[in-house]
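Enquirer: requesting a structural model of the entry that follows:
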Amino acid sequence: MGYATRRATPPCPPGTVSVILLASAAFACAACGGGGGGSDGGVVTPPAFEATISWIQNNVFTPKCALAGCHTGPNPQNGLDLSMGNAFANLVNVPSFCDPQIVRVVPGDSANSLLFQKLTNTQPAHCGEPMPKPQNPGDPWVMLPANELQAIRQWIDGDGSGGAQPQPGY
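Expert: The predicted model follows:
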């Protein structure tokens, strides 16, 4: 009775299995998007939003508007202070700097609110440039991400207060 002899294969060099497993995991993550933010065909899904003044303050106004030389400090651009604790009072039912007949935020009406017009580059010509301004002079204007615009539009169209007066500090 003959037994087939099997040659022993030499062991893999140290670390080879780990490298193979790591490469497999990386490939699997790349194939499914793996970025944690969701993916459809390589397009990253923006983070969720809330149509509230607090979400807008924390995700848009404070990091993108209430910056030195812009909409904060003792002399904010066009008298519009968007810093924490000041944004709501400076926006809702407040006439604009460029034209007192144009209101910054008309509760329930984003299409006629200068804030939304400036963010979508649909403002009247005499009301200046779209916002936010480019970081470097000469750079082209770039619109806010869709989720941020949607939050602002829904907040304004709701009633301009996100369904209630702002929380203290907003």
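Enquirer: roughly how far does Phe88 sit from Pro140?
Expert: Using C-beta to C-beta, to the nearest Å, one gets 31 Å for the distance from Phe88 to Pro140. Every C-beta, even on glycine, is put in place using the N, C-alpha and C of the backbone.
Enquirer: which one's more surrounded, these two?
Expert: Phe88 (23 against 5; other C-beta atoms under 10 Å).
Enquirer: just to be sure, Met141 is in a strand?
Expert: Quick fix: residue 141 is Trp, not Met. No. Under DSSP: H, G, I helix; E, B strand; the rest coil, Trp141 falls outside any strand and is assigned coil.
Enquirer: tell me who's in contact with it.
Expert: Shown in contact with Trp141 (C-beta atoms under 8 Å, 6 or more residues apart in numbering): 121, 129-130, 133-134.
Enquirer: the same query, at a cut-off of 6 Å, please.
Expert: 130, 134 (C-beta atoms under 6 Å, 6 or more residues apart in numbering).
Enquirer: Gln150 now?
Expert: Contacts here follow C-beta under 6 Å, 6+ apart; on that basis Gln150 touches nothing.
Enquirer: assign it to helix, strand or coil.
Expert: At Gln150 the chain is in helix, as set by three-state DSSP.
Enquirer: 53 is where my numbering starts, stick with that
Expert: From this message on, residue numbering opens at 53, which makes the last subject Gln202.
Enquirer: what is the burial count for the closest residue to Gln169 other than its chain neighbours?
Expert: Nearest in space to Gln169, with sequence neighbours left out and distances taken as C-beta to C-beta, 6 or more residues apart in numbering, is Gln175 at 4.0 Å. By other C-beta under 10 Å, 21 other residues sit near Gln175.
Enquirer: just checking, Gln175 touches Phe168?
Expert: No. In this structure, Gln175 is not within contact of Phe168 by C-beta atoms under 6 Å, at 9.1 Å.
Enquirer: mind listing the strands for the protein?
Expert: Remark: strands assigned in the chain by DSSP state E are 91-92, 95-96.
Enquirer: need the least confident one among the ones you listed, by mean pLDDT.
Expert: Lowest mean pLDDT within these: strand 91-92, at a mean of 48.
Enquirer: next one: Ser162, what pLDDT does it get?
Expert: Listed pLDDT for Ser162 reads 95.
Enquirer: what's the spacing between it and Thr104?
Expert: Distance from Ser162 to Thr104, counting by C-beta to C-beta: 15 Å.
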